[in-house]
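In: Sharing a model prediction with you, sequence too.
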Amino acid sequence: MQVCKLNSHTTFSSLVTFIFIFSLLQKKSYMGFRGYKAWLTLFIEALFLYVGRTETELLQNVSNLRGRELASGCNLFKGKWEIDASYPLYGSNCPFIDPEFNCQKYGRPDKQYLKYSWKPDSCNLPRFDGVSFLRRYQGKKIMFVGDSLSLNMWESLSCMIQASVPNAKNSFVRKDPLSYVTFQDYGVTILLYRTPYLVDIVRENIGRVLKLNSIEAGKAWKGMDVLIFNSWHWWTHKGKSQPWDYVQDGSTVSKDMDRLVAFYKGLTTWAKWVDLNVDSTKTKIFFQGISPTHYQGKEWKSKSRNCYGELEPLVGSTYPAGTPQATAIVNQVLSGMRNRVYLLDITTLSQLRKDAHPSAYSGDHSGVDCSHWCLPGLPDTWNQLLYAALFT
């Protein structure tokens with residue numbers, strides 16, 4: 001393999017990642033020895049990943065990350081939220097909405113959060129056209145793969161299409177891990193495969209093991225025309241909400257490890273699987289991006305405890321607390337892939353929507369939910385961005 005120096009061709013995201021990890025390494029005294037070792041390992045792996053690549057690969061991956069822009073050069077993900085009287089795109093009576101997302105049905109008194117549309121700074125976001133979507137993807141399969149944020153987006157897209165063809169025949173099957181909606185008149189199937197970590201959780205003698213190097217579930221993802229992947233939300237869960245007992249990296253089995261390091265390793269396994277198993281000339285590949293939470297009002301310089309009672313988006317196009325650390329990992333892993341993966345860079349535009357969570361108005365979530373999103377609501381914009389990426 002030809003070894004090249006880090007030069008002008010090195011992607012901006014890789015440099016940001018090095019700086020991010022290196023800054024954490026400077027805090028050794030605060031991290032403890034085990035945390036320091038974990039981050040040092042990640043830093044060394046990242047360094048070898050980038051130093052060991054050819055100039056051709058580096059140039060190709062710059063192009064991959066530029067996939068988030070349209071051919072016109074417009075960045076769809078930089079802009080602001082504006083009131084739009086034509087919203088929402090469908091009603092709370094959509095048959096595909098789960099109780100946990102149906103905020104209007106479960107008592108949310110305000111409706112202004114339904115009336116915002118995303119306005120990119122340098123172009124117009126195409127209006128979603130469900131009939132055009134069905135005609136262009138007639139006979140094809142679109143699959144969301146990931147956690148409950150994938151569920152959020154899958155239900156949103158199904159409702160947006162159904163509102164465009166309210167009299168069209170459809171079949172709706174909801175099971176775990178695979179659910180789907182088929183619009184029978186067009187032969188279009190929108191599928192959801194639930195797998196919160198993308199990598200496998202296997203029940204063994206010692207208990208449930210999160211295997212960072214294994215994706216047996218990927219067999220169900222083959223043969224799709226569009227794949228939209230997502231993961232991060234569950235990587236931070238601990239205690240009773242954590243669905244595994246041990247984590248395995250190679251031959252090493254541990255009770256726990258640094259969650260960002262684990263996410264990096266798991267996502268790297270996913271990237272290798274995609275490069276090996278998906279033909280990007282036949283299948284369009286997307287990564288949904290990191291969906292933010294709003295559990296700490298200080299992040300948006302508010303005295304609010306969390307998202308409860310928030311009625312409008314933040315003004316402007318930046319979030320005071322910056323982006324989650326996981327976004328650097330996503331950018332790094334995607335930039336190292338051979339396949340072209342389009343990043344739906346939803347993080348910042350979603351951070352501005354502190355008003356768009358179910359909070360206390362979920363039909364299937366105790367307490368205050370500031371992780372998921374009301375439907376109709378923000379995920380409809382995610383799907384408009386997907387629509388623009390597919391057809392513009």
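Out: Cool, the structure landed.
In: can you give me phi and psi for the residue lying closest to Ile346 once chain neighbours are set aside?
Out: Nearest residue to Ile346, sequence neighbours excluded (C-beta to C-beta, 6 or more residues apart in numbering): Gly289, at 4.3 Å. To be clear about C-beta, it is placed using only N, CA and C from the backbone, and glycine gets the same treatment. Torsion angles at Gly289 (phi, psi; degrees, to the nearest 10) stand at phi 90, psi 170.
In: Contacts only, for Ala85.
Out: Lys115 (C-beta atoms under 8 Å, 6 or more residues apart in numbering).
In: pLDDT value on it, please?
Out: Looking at Ala85, its pLDDT stands at 95.
In: Now do the phi/psi pair for it.
Out: According to degrees, to the nearest 10, Ala85 has phi -70, psi -20.
In: Show the low-confidence segments of this protein, by residue range.
Out: 1-72 (pLDDT under 70).
In: Would you map the strands across it?
Out: Using DSSP state E, the strands of the chain run over 79-83, 116-120, 141-146, 170-173, 178-183, 188-194, 200-204, 207-211, 226-229, 246-249, 252-254, 284-287, 342-343.
In: that older thread, hmm, Leu343 and the residue nearest to Ile346 touching each other?
Out: Yes. Gly289 lies in contact with Leu343 (C-beta atoms under 8 Å); the separation is 6.1 Å.
In: tell me, what's touching those two both at once?
Out: Common neighbours of Gly289 and Leu343 (C-beta under 8 Å, 6+ apart) are Val330.
In: ok, back up a step: winner for burial among the strands of the chain?
Out: strand 141-146 (a mean of 24; mean count of other C-beta atoms under 10 Å).
In: what sits up against it?
Out: So strand 141-146 is contacted by 150-151, 153-154, 157, 188-196, 198, 221, 223-231, 288 (C-beta under 8 Å, 6+ apart).
In: What distance do you get for the nearest residue to Lys282 once chain neighbours are set aside to Leu178?
Out: Distances taken as C-beta to C-beta, 6+ apart place Asp225 nearest to Lys282, at 7.5 Å, with adjacent residues excluded. Counting by C-beta to C-beta, to the nearest Å, the separation of Asp225 from Leu178 is 17 Å.
In: the helices in the chain, which residues?
Out: According to DSSP state H, the chain carries its helices in the segments 12-25, 28-51, 55-65, 130-136, 148-164, 259-277, 326-335, 347-351, 378-391.
In: just checking, Ala217 touches Asp200?
Out: Yes. Between Ala217 and Asp200 a contact is recorded at 6.1 Å, counting by C-beta under 8 Å.
In: beta partners for Phe229?
Out: Val145, Phe287 (DSSP bridges).
In: If I follow the layout properly, it ends up in contact with Phe286?
Out: Yes. Between Phe229 and Phe286 there is a contact under C-beta under 8 Å: 6.9 Å.
In: Check whether Met224 really touches Thr283, as I assumed.
Out: Yes. Contact criterion C-beta under 8 Å: Met224 and Thr283 qualify, at 5.8 Å.
In: before we move on, the earlier item: and for the residue nearest to Ile346, the neighbour number?
Out: 25 (other C-beta atoms under 10 Å).
In: cool, Ser291 as well?
Out: The burial count for Ser291: 26, using other C-beta under 10 Å.
In: show me what contacts it?
Out: Ser291 sits in contact with Leu149, Asn152, Asn230, Trp232, His233, Ile346, Thr347, Ser350, Ser371, Trp373, where contact means C-beta under 8 Å, 6+ apart.
In: Next one: the last one from Leu198, what distance?
Out: Look at Trp373 and Leu198: by C-beta to C-beta, they are 21 Å apart.
In: Pull the number of nearby residues for the nearest residue to Tyr90 once chain neighbours are set aside.
Out: Spatial nearest neighbour of Tyr90, excluding adjacent residues (C-beta to C-beta, 6+ apart): Ala163 at 3.7 Å. For Ala163, the count of nearby residues is 16 (other C-beta under 10 Å).
In: List the residues that contact Ala163.
Out: Contacts of Ala163 (C-beta under 8 Å, 6+ apart): Leu89, Tyr90, Gly91, Cys94, Gly130.
In: Going by distance to Pro120, which of the residues you listed wins?
Out: Leu89 (17.8 Å; C-beta to C-beta).
In: how close does the closest one sit to Phe128?
Out: 6 Å.
In: Spit out the residues that contact the two alike.
Out: Joint contacts of Leu89 and Phe128 (C-beta under 8 Å, 6+ apart) are Met160, Asp380.
In: Can you name the residues bridging to the nearest residue to Ala220 once chain neighbours are set aside?
Out: Sequence neighbours aside, Tyr193 is the residue nearest to Ala220 in space, at 5.7 Å (criterion: C-beta to C-beta, 6+ apart). In this entry, Tyr193 is beta-bridged to Val145, Leu178, by DSSP bridges.
In: Look up how far Cys370 lies from Tyr193.
Out: 26 Å.
In: Name the residues contacting each of Met224 and Thr283.
Out: By C-beta under 8 Å, 6+ apart, no residue touches both Met224 and Thr283.
In: And stretch 312-329, what's buried?
Out: Glu312, Pro313, Leu314, Ser317, Tyr319, Thr323, Pro324, Ala326, Thr327, Ala328, Ile329 (16 or more other C-beta atoms under 10 Å).
In: Identify the residue nearest the last one in space, chain neighbours excluded?
Out: Nearest residue to Ile329 in three dimensions, chain neighbours excluded: Tyr264, at 5.0 Å (C-beta to C-beta, 6+ apart).
In: What count of nearby residues applies to the one you found?
Out: There are 26 residues near Tyr264, going by other C-beta under 10 Å.
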